[in-house]
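>>> Could you look at this predicted model? Sequence included:
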Amino acid sequence: MEYFEQHQGGERAILVSVSVQLLDDLDAEEFRLLAQSAGAEILQHISVQRNKPDPKFFIGSGKVDEIAELVQELEAELVIFDHSLSPAQERNLERILKCRVIDRTGLILDIFALRARTHEGKLQVELAQLKHLSTRLIRGFTGNLEQQKGGIGLRGPGESQLETDRRLIRVRITQLKEKLIKVQQTRLQGRAARQKAAIPTISLVGYTNAGKSTLFNILAKSDVYAADQLFATLDPTLRRLDWDGIGTVVLADTVGFVRNLQHDLVESFKATLEETLEATLLLHVVDSSSPNMLEQIEAVESVLKEIGADAPILHVYNKIDQSGDSAKIIYKSPDFPDRVYVSAHSGEGLALLSQAVQQCLLGQLQHFNLVLKPAYGKLRTQLYTLNVIQSEHYDEQGDLHLSVCIAPQKLEQIIRQAHLPLDEILGEKAALFKRPLEEFEYVKDQ
């Protein structure tokens, strides 16, 4: 049992963490951060051990009485449980504790409501909240919803307020789903245009507060809100940028994940997560300084599996300035990186991240010595835009000799598209690219 210095401003809350043998143990520090992110003034944090959940209260009746005394003594307005509670358990607890009770899902939804900024984000939050509320209409602190009232306007004769509320919620849920379908259709059109233009999408995923938005801002030279708190950003953000060695890509920042994320929450945020589903490459950003790093990786992979994301994954171990790791790339095969260690805060390792992303999308990087005639200046400009030129010099005949480090697939693509002779530019290495032009054109258009 822990006590906290009281601060004015938020709703006065008591936190209850329950360690159940049949369920995964939860992170107490993360729970406190969630409550603080929702604006709660934490009065006390209680830990409870159970062999299995009690069907009536989730915790034992003796512990309920103990919490009820604390609620009265500390004048708490809210009790938050770090587990999902059934509607009946919430009602039973509220009746004894004589204050509002919410579970982990309700807490996360409240944070989502605070963070949502765009129209799409607000739609998704409202949909998730209504789905959660629809099973919790009978509550001790929401009035007598079973009272019979006459039918004026929406209500029929003798219809209870509870039945009316449920019907109105069903109508609103249907409306929200229809609006989100339109959002999905708009996103689908944008993705189709990008795919037609052969623009790869790189999606950042990861546990909340792993540093996704900070990394996104550095890579995209953007100003997405980033802070050291859970769910600092909720709405999806897309930016088009030129990535060294690759060219134009679309970078997507998505909502952070947490452990024990309810299925209904995942369903409600599928419009956001579709950017993850359609990504060419996933950058799984990991907080390498977290003591719960392995559990957080498992939680993210669980959600990715649930939504059906099957794109290649590059693990980006962030915050090495705090963990003490060094910048490096670790490969799971000679041609495909598995992990890259970086610090989005200090910028250490970002050049290695660029190299790893190139290898994931285009294959192993190689060194080439190119010979360009004076008329091939446009190709030189493209190579400079990709930032792959390491050195250059002119010979006595006026030809330009370039030393480049680039994926063979990308080099072939830009030479073919410029309709330039491979043999003349690449010399002996042109033999690596003896595919028919028709085959190249077919691959390029897919």
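Done, it's in.

>>> From here on, just use CA atoms for contacts and neighbour counts.
OK.

>>> which regions of this structure lie under the pLDDT threshold?
Scanning the chain for pLDDT under 70 picks out the ranges 1-9, 21-26, 115-118, 137-162, 187-198, 222-236, 255, 260-275, 433-446.

>>> I'd guess residue 367 is in a strand, am I close?
Yes. Counting by DSSP: H, G, I helix; E, B strand; the rest coil, residue 367 is located in a strand.

>>> For it, grab the count of nearby residues.
By other C-alpha atoms under 10 Å, the residues close to residue 367 number 14.

>>> give me every residue that touches the nearest residue to residue 280 once chain neighbours are set aside.
In space, and not counting its chain neighbours, residue 280 is closest to residue 201: 5.2 Å by C-alpha to C-alpha, 6 or more residues apart in numbering. By C-alpha atoms under 8 Å, 6 or more residues apart in numbering, the contact set of residue 201 is 249-252, 278-281.

>>> Swap in 6 Å and give it another go.
249-251, 279-280 (C-alpha atoms under 6 Å, 6 or more residues apart in numbering).

>>> got it, and residue 365?
Contacts of residue 365 (C-alpha under 6 Å, 6+ apart): 406-407.

>>> From residue 178, how far out is it?
Distance, residue 365 to residue 178, using C-alpha to C-alpha, to the nearest Å: 46 Å.

>>> count of neighbours near the residue nearest to residue 340 when sequence neighbours are not counted?
Closest residue to residue 340 apart from its sequence neighbours, by C-alpha to C-alpha, 6+ apart: residue 329 at 4.4 Å. Neighbours of residue 329 under the rule other C-alpha under 10 Å: 20.

>>> Can you tell me the element residue 329 falls in?
Assigned by DSSP states H and E, residue 329 belongs to strand 328-333.

>>> got the buried residues for that strand?
Under the neighbour-count criterion of 16 or more other C-alpha atoms under 10 Å, strand 328-333 has 328-329 buried.

>>> Using PDB, write down the CA coordinates of it.
Output of strand 328-333 as PDB, limited to C-alpha atoms (Å, rounded to 0.1, in the frame of the first residue of the first chain):
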ATOM      1  CA  LYS A 328      24.600  -0.800 -34.100                       C
ATOM      2  CA  ILE A 329      22.600  -3.000 -36.600                       C
ATOM      3  CA  ILE A 330      22.000  -6.700 -35.800                       C
ATOM      4  CA  TYR A 331      21.000  -8.900 -38.700                       C
ATOM      5  CA  LYS A 332      18.800 -12.000 -38.700                       C
ATOM      6  CA  SER A 333      20.100 -12.900 -42.100                       C
END
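
>>> Which one of the contacts of residue 201 is nearest to residue 136?
residue 279 (36.8 Å; C-alpha to C-alpha).

>>> Any idea what the closest residue to that closest one other than its chain neighbours is bridged to?
Nearest residue to residue 279, sequence neighbours excluded (C-alpha to C-alpha, 6+ apart): residue 201, at 5.0 Å. Using DSSP bridges, the beta-bridge partners of residue 201 come out as residue 250.

>>> what's the answer for residue 367, then?
Those that pair with residue 367 in a beta bridge, by DSSP bridges, are residue 405.

>>> That one contacts residue 403, doesn't it?
No. Taking contacts as C-alpha atoms under 6 Å, residue 367 lies outside contact range of residue 403: 7.0 Å.

>>> residue boundaries of the strands in the stretch 151-300 of the chain?
Applying DSSP state E, counting those that start in this stretch to the stretch 151-300 of the chain gives strands spanning 201-206, 237-243, 247-253, 281-287.

>>> so what does the second one touch, helix or strand wise?
Of the remaining helices and strands, those touching strand 237-243 by 3 or more C-alpha pairs under 6 Å, 6 or more residues apart in numbering; DSSP states H and E are strand 247-253.

>>> any idea of the angle the strand it packs on forms with strand 237-243?
Angle of strand 247-253 versus strand 237-243, following axes from the mean of the first three to the mean of the last three C-alpha atoms, to 10 degrees, is 150 degrees.

>>> residues making contact with strand 247-253?
With C-alpha under 6 Å, 6+ apart, strand 247-253 has contacts from 199-204, 236-242, 386.

>>> Pull out the buried members of the residues you listed.
Here, 16+ other C-alpha under 10 Å leaves 199-204, 236-239, 242, 386 buried among those.

>>> Of these, which is the nearest to residue 101?
Distance to residue 101, by C-alpha to C-alpha, is smallest for residue 236 among the buried ones among the contacts of strand 247-253, at 30.7 Å.

>>> Next one: residue 326 from residue 318, what distance?
Look at residue 326 and residue 318: by C-alpha to C-alpha, they are 11 Å apart.

>>> which residues touch residue 259?
Contacts of residue 259 by C-alpha under 6 Å, 6+ apart are residue 299.

>>> List the buried residues in stretch 213-221.
Across stretch 213-221, burial judged by 16+ other C-alpha under 10 Å covers 213-217, 219-220.

>>> Let's have these in CSV, adding distance to residue 337.
Formatted as CSV, those follow (distance: C-alpha to C-alpha, whole Å):
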residue, distance to residue 337
213, 22
214, 22
215, 19
216, 20
217, 23
219, 19
220, 22
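
>>> Out of those residues, flag the one nearest to residue 47.
Among the buried residues of stretch 213-221, residue 213 lies closest to residue 47 (C-alpha to C-alpha), at 32.7 Å.

>>> measure that closest one to residue 206 for me?
Residue 213 is 10 Å from residue 206, by C-alpha to C-alpha.

>>> just residue 218 next, same as before
17 Å.

>>> One more: residue 50?
Counting by C-alpha to C-alpha, the gap from residue 50 to residue 206 is 31 Å.

>>> more neighbours, the two?
Taking neighbours as other C-alpha under 10 Å, residue 50 and residue 206 compare with residue 206 leading, 28 against 15.
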